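> Task: produce atomic coordinates for the following.
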Amino acid sequence: MNSTPPAGPASFDDDDYPAFTMGRAAEMLGTTPGFLRSLDEAKLITPQRSEGGHRRYSRYQLRLAARARELVDQGTALEAACRIIILEDQLAEALRINEERDKQT
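Residues are numbered from 1 along each chain as shown. All right, here's what the predicted structure looks like:
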């Protein structure tokens, strides 16, 4: 079981710090906790767990969830939306790596 690391000043700027509870995340996204659970089941996001076993989401995960909601709201099936987001994320990472490589040459 993943436990949430203690919060400190650096945690507030960390995009991967699991700062948001499921309820707060759902509220911020304007969706239901069930939608967030479905993203976990589809393996798009895997939230960390608090010591009590509650799901905790990072800002990065909330951005992915917001993109999934956008695609689903446009009529894309959840599984297809998750695949699109994974591919978009992989492309962004590849472009970032290429840009870094190009700066070194």
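
> separation between the most centrally placed residue in the chain and E79?
Nearest to the mean C-alpha position of the chain, counting by Cα atoms, centre = their mean, stands Q61 at 1.4 Å. Q61 sits at a distance of 18 Å from E79 (criterion: Cβ to Cβ, to the nearest Å). To be clear about C-beta, it is placed using only N, CA and C from the backbone, and glycine gets the same treatment.

> again, but for Q104
In terms of Cβ to Cβ, Q104 sits 38 Å off from E79.

> So which of the two has more stuff around it?
Here Q104 and E79 are compared on neighbour count by other Cβ atoms under 10 Å; more neighbours surround E79, at 12 against 5.

> and the nearest residue to that one once chain neighbours are set aside, how many residues sit next to it?
Using Cβ to Cβ, 6 or more residues apart in numbering and skipping residues adjacent in sequence, the residue nearest E79 is A42, 6.1 Å away. Burial of A42 is recorded as 16 neighbouring residues (other Cβ under 10 Å).

> Likewise for I97?
Neighbours of I97 using other Cβ under 10 Å come to 10.

> got the buried residues for the helix or strand containing it?
I97 belongs to helix 78-104 when assigned by DSSP states H and E. For helix 78-104, the buried set under the neighbour-count rule, 16 or more other Cβ atoms under 10 Å, comprises 78, 81-82, 85.

> distance between that helix and the chain's centre?
Between the mean C-alpha location of helix 78-104 and the chain-wide mean there is a distance of 14 Å, by Cα atoms, centre = their mean, to the nearest Å.

> packing partners for that helix?
Contacting helix 78-104 under the criterion 3 or more Cβ pairs under 8 Å, 6 or more residues apart in numbering; DSSP states H and E are the following elements: helix 33-41, helix 59-73.
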